[in-house]
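Asks: sharing a model that was predicted from the sequence below.
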Amino acid sequence: MQILNESNEGLYDARDKVKALWCGAFMVNEMGKAGDAWTSLESAFAGNHPGFEAIDAPYHDLGHTLKATTCYAEMVFKNLQTPDYGPLPLEIAELGFIAILFHDTGYLKNKGDLNGTGAKYAFQHVERSQAFANQWMLQNSFDQEARSAVKSMIQNTDFSKNTTPVLFTTSVHELVGCMVGTADLLGQMASPDYVTKLPLLHREMIEALKQGQSMGIPIEIPKTPQDLVRSTPSFFKEYVIPKLVKDYQNVFRLLNTPYPDGPNPYMEQIQRHLESVSQATR
């Protein structure tokens, strides 16, 4: 299992990797609606959507989304090799694929908006992402039940600390929602360039802070990029681990290779990040 990285694989090669996982999992030749969603995402992020500018958020870029999508596809593939979590129908896995692809489309600025970057939508991006996904699914003939499921799956990626638990209609939809949330966390934190990209995330935080203050939202952020980097170990211990274990029901274990007790390449890469940060900040 190889974690997606611009330097060792190329972002656009991710589609070939994900297609191989997807088609291998479900014994199909094409990705169908999942592939259509991928094409639409790339088009929108490139600025070819009639309603939105190209993505310009410095951290939440195309690479961020494709790393999460690759992680999701790996979990789907591994899930179909183990009976522990139960069967996963293609139709429901496809909804999760749409959710992970579109979960950060809320960072796209409206067409003609030349003020700042999409980072200003940090506190609205979940709702905006849900609206983007809903519109795309309407245009592609998905019914209300499917659209509601994707809305819940995107809601499950909300990083806000005070969010209420997301309710799913079935245990299978909940499983996929947990995979989506897990992929969003692990895909970015296990990226080999995660620590070096944290200053870009801090830039986003500053822009979001200004927008949040104008909306009357009380916000605290690390004062400097270095402070953000130094906070990574505590962030992982106090927020990410409980999120993975409790809220996302340990589905990250699907990535253990071999399953169930082998090492987890995503968690191992994150641990290397934490060790390097600790050594650099002593």
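Replies: Happy to help now that I have it. Numbers count the residues shown, from 1 in each chain.

Asks: so who does Ser278 touch?
Replies: Pro233 (Cβ atoms under 8 Å, 6 or more residues apart in numbering). Heads up, the C-betas are built off the backbone N, CA and C, glycines and all.

Asks: what about it, which helix or strand?
Replies: helix 265-280 (DSSP states H and E).

Asks: so how far is that helix off the chain centroid?
Replies: Its chain's average C-alpha position is 20 Å from that of helix 265-280, according to Cα atoms, centre = their mean, to the nearest Å.

Asks: can you mark which positions in it are buried?
Replies: Pro265, Tyr266, Met267, Gln269, Ile270, His273, Leu274, Val277 (16 or more other Cβ atoms under 10 Å).

Asks: out of the residues you listed, who's nearest Phe52?
Replies: Tyr266 (30.5 Å; Cβ to Cβ).

Asks: now do the same contact list for the closest one.
Replies: Tyr266 is in contact with Ile3, Cys71, Leu186, Met189, Ala190, Phe252, Leu255, counting by Cβ under 8 Å, 6+ apart.

Asks: just the pLDDT for Thr69.
Replies: Looking at Thr69, its pLDDT stands at 98.

Asks: please apply the same query to Asp13.
Replies: With respect to pLDDT, Asp13 has a value of 83.

Asks: pull up the gap between it and Leu66, please.
Replies: 10 Å (Cβ to Cβ, to the nearest Å).

Asks: one more: Ala57?
Replies: Distance from Ala57 to Leu66, by Cβ to Cβ: 15 Å.

Asks: equivalent analysis for Gln135, please.
Replies: 21 Å.

Asks: ok, Val240 next?
Replies: To Leu66, Val240 is 20 Å away according to Cβ to Cβ.

Asks: out of the two, which sits in the busier spot?
Replies: Counting neighbours by other Cβ atoms under 10 Å for Val240 and for Leu66 shows that Leu66 has the greater number, 27 against 18.

Asks: so what's the more buried one closest to, chain neighbours aside?
Replies: Ala14 (4.5 Å; Cβ to Cβ, 6 or more residues apart in numbering).

Asks: doesn't the one you found fall inside a strand?
Replies: No - applying DSSP: H, G, I helix; E, B strand; the rest coil, one finds Ala14 to be helix, outside a strand.

Asks: from the buried residues of helix 265-280, pick the one nearest Asp36.
Replies: Lowest distance from Asp36 to the buried residues of helix 265-280 (Cβ to Cβ) belongs to Tyr266, with 27.5 Å.

Asks: tell me the pLDDT at the closest one?
Replies: Residue-level pLDDT assigned to Tyr266 equals 98.

Asks: kindly report the same for Gly10.
Replies: 53.

Asks: what of Leu209?
Replies: Confidence score, pLDDT, at Leu209: 93.

Asks: buried ones in the helix or strand it falls within?
Replies: Assigned by DSSP H and E, Leu209 belongs to helix 194-214. Within helix 194-214, the residues that count as buried by 16+ other Cβ under 10 Å are 194-195, 197-198, 200-205, 207-209, 211-212.

Asks: same deal with stretch 44-56?
Replies: Ala44, Phe45, His49, Phe52, Glu53, Ile55, Asp56.

Asks: again with stretch 226-245
Replies: For stretch 226-245, by 16+ other Cβ under 10 Å, it's Leu228, Val229, Arg230, Thr232, Pro233, Phe236, Val240, Lys243, Leu244.

Asks: what about it, average pLDDT?
Replies: 97.

Asks: point out where the stretch 51-200 of the chain drops to low pLDDT.
Replies: For the stretch 51-200 of the chain, the stretches with pLDDT under 70 are 161-163.

Asks: which residues of it fall in helices?
Replies: 62-79, 90-102, 125-139, 144-155, 171-189, 194-214 (DSSP state H, counting those that start in this stretch).

Asks: measure Thr170 to Gly86 for me?
Replies: According to Cβ to Cβ, Thr170 stands 11 Å off from Gly86.

Asks: do Lys78 as well
Replies: According to Cβ to Cβ, Lys78 stands 13 Å off from Gly86.
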